[in-house]
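# Quick one, what's the 3D model for this:
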Amino acid sequence: MNSIHLQTQIGNIQLPSCIYNASGARCSTGEELTALAQSEAGAVLSKSCTEAYREGNPSPRYYETDLGSINSMGLPNLGCAFYADYARTHAGLNAGKPYFVSVSGLSLEENIGIFKQLYPAEGIAAIELNLSCPNVPGKPQTGYDFEQVQRVLEAVLPLSRVPVGVKLPPYFDMVHFEQMSAILNRYPLAFVTCINSIGNGLVIDAVTETVVIKPKNGYGGLGGDYVKPTALANVHQFYRLLRKDIAIIGCGGVKTGLDVFEHILCGAAAVQIGTQLMREYTACFLRLALELKAVMAQKGYTTITDFKGKLNYIS
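Just a heads-up that it's a prediction; the model follows:
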């Protein structure tokens, strides 16, 4: 399988592999980011950051089941200055892969402040603007307020010296795909990540008759197997509707190389790993890459562009 290559491109950014971490999964501390840099991941993406250090929601706030996970983390992070400073450490590792910073201010003003702090952008390849965190009590998801999405993009995009993409919540209505795509197509975005967790699910322990996480009376974002069909639908719809220079990054329900293949077939240029990274840690990247190469070899593909976005329909 040496003739099979998994390189990809997001805007003008080259990735040695199309598989890397989702923001939120084992990417908060310097140790976790360094482990990602030294793994087979194709990029390193930071935890979504706020302006200042944030403790997040009380524990227990993450729980796994056979079909995936539920979390209500509440954006715990070390603050945007830490993730900007880490860029220098990452550059010193000679990791050969880009370092992305995820941004999730709790207000428009905070997002503006974070972008201003990140403006020097030394060692930062791109910024992923998280418009879709469903787990902060009292804070709505920006991605469901289309007018606010426009206000945020108009305010922050001029403040960045590096490519910017957005991470979106899942959409379920065809009209919403069309409306959001029409908005995003007006802005100089490099990529769109689909999807964040499906918000406000509820997992119950029937033995104890109790919810499994503490925040929000047990309500949290679903990941893993639960969300894969929704993630694939969002990847494919935005691939169809967005400008072709906007890369789609798939996220949701990826456990195997075949899952990665399906995301790319739907149009993803790269695929992020969340729940499975929590389960397996950084070893998942090599395994997934080998499994994806095996699928490609069986089908006679040598690069991901051979099948990216070429999903067939039933006539």
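# pretty sure A22 is touching G274, no?
Yes. Assessed by C-beta atoms under 8 Å, A22 is found in contact with G274 at 3.8 Å. The way it works is simple: take the backbone N, C-alpha and C, and place the C-beta from them, glycine included.
# any common contacting residues for these two?
Taking C-beta atoms under 8 Å, 6 or more residues apart in numbering as the contact rule, A22 and G274 both touch C251.
# Next, the buried residues of the lengthiest helix in the chain.
Longest helix in the chain by number of residues, with DSSP state H as the criterion: helix 283-299. Neighbour counts using 16 or more other C-beta atoms under 10 Å place 284-285, 287-289, 291-293, 295-296 of helix 283-299 among the buried residues.
# repeat for stretch 100-110
Under the neighbour-count criterion of 16+ other C-beta under 10 Å, stretch 100-110 has 100-105, 110 buried.
# Out of those, which comes closest to V164?
Taking C-beta to C-beta as the measure, V164 lies nearest V103 of these, at 8.9 Å.
# hey, what's the closest one bridged with?
On the basis of DSSP bridges, V103 is bridged to C49, L129.
# Surely it and C80 touch.
Yes. When contacts are counted by C-beta under 8 Å, V103 is listed as touching C80 (7.1 Å).
# list the residues that contact both of these two?
Counting by C-beta under 8 Å, 6+ apart, the residues touching both V103 and C80 are 49, 114, 118.
# Give me the residue ranges of this protein where confidence is low.
Within the chain, the stretches with pLDDT under 70 are 1.
# now with 90?
1-2, 91-92, 94-95, 120-121, 132-141 (pLDDT under 90).
# So which bits of stretch 137-146 are buried?
Judged by neighbour count using 16+ other C-beta under 10 Å, the buried positions of stretch 137-146 are 141-144.
# just stretch 153-170 next, same as before
Buried residues in stretch 153-170, counted by 16+ other C-beta under 10 Å: 153, 156, 159-160, 162-170.
# can you map out the strands along the stretch 51-200 of the chain?
Shown for the stretch 51-200 of the chain, the strands assigned by DSSP state E, counting those that start in this stretch span residues 62-65, 68-71, 99-103, 126-130, 164-168, 191-194, 198-202.
# next one: the stretch 201-315 of the chain
204-205, 210-211, 219-223, 247-251, 270-273.
# Quick one: closest of those strands to Q179.
Taking C-beta to C-beta, strand 247-251 is the member of the strands of the stretch 201-315 of the chain nearest to Q179, at 17.4 Å.
# For the closest one, output the C-alpha coordinates as PDB.
Below are the C-alpha coordinates for strand 247-251, written out as PDB (Å, rounded to 0.1, in the frame of the first residue of the first chain):
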ATOM      1  CA  ALA A 247     -13.000  22.600   1.900                       C
ATOM      2  CA  ILE A 248     -15.400  20.400   3.900                       C
ATOM      3  CA  ILE A 249     -14.000  18.700   7.000                       C
ATOM      4  CA  GLY A 250     -16.100  15.700   8.200                       C
ATOM      5  CA  CYS A 251     -16.600  14.900  11.900                       C
END
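# which among the buried residues of stretch 137-146 gets closest to I264?
The nearest one, if we look at the buried residues of stretch 137-146 relative to I264 and count by C-beta to C-beta, is G143, at 23.2 Å.
# so what's that closest one up against?
By C-beta under 8 Å, 6+ apart, the contact set of G143 is 131-132, 149, 166, 168-169, 180, 196.
# again, only this time at 7 Å
Neighbouring residues of G143 by C-beta atoms under 7 Å, 6 or more residues apart in numbering: 131-132, 149, 168-169.
# cool, and Y171?
Counting by C-beta under 7 Å, 6+ apart, Y171 has contacts 177, 180, 234.
# If you rank those by neighbours, which is first?
Highest neighbour count within the contacts of Y171, by other C-beta atoms under 10 Å: N234, with 28 neighbours.
# N71 versus V207, what's the distance?
Counting by C-beta to C-beta, to the nearest Å, the gap between V207 and N71 amounts to 21 Å.
# So for the two, which sits in the more crowded spot?
When neighbours are counted by other C-beta under 10 Å, V207 and N71 differ, and N71 comes out ahead with 26 against 6.
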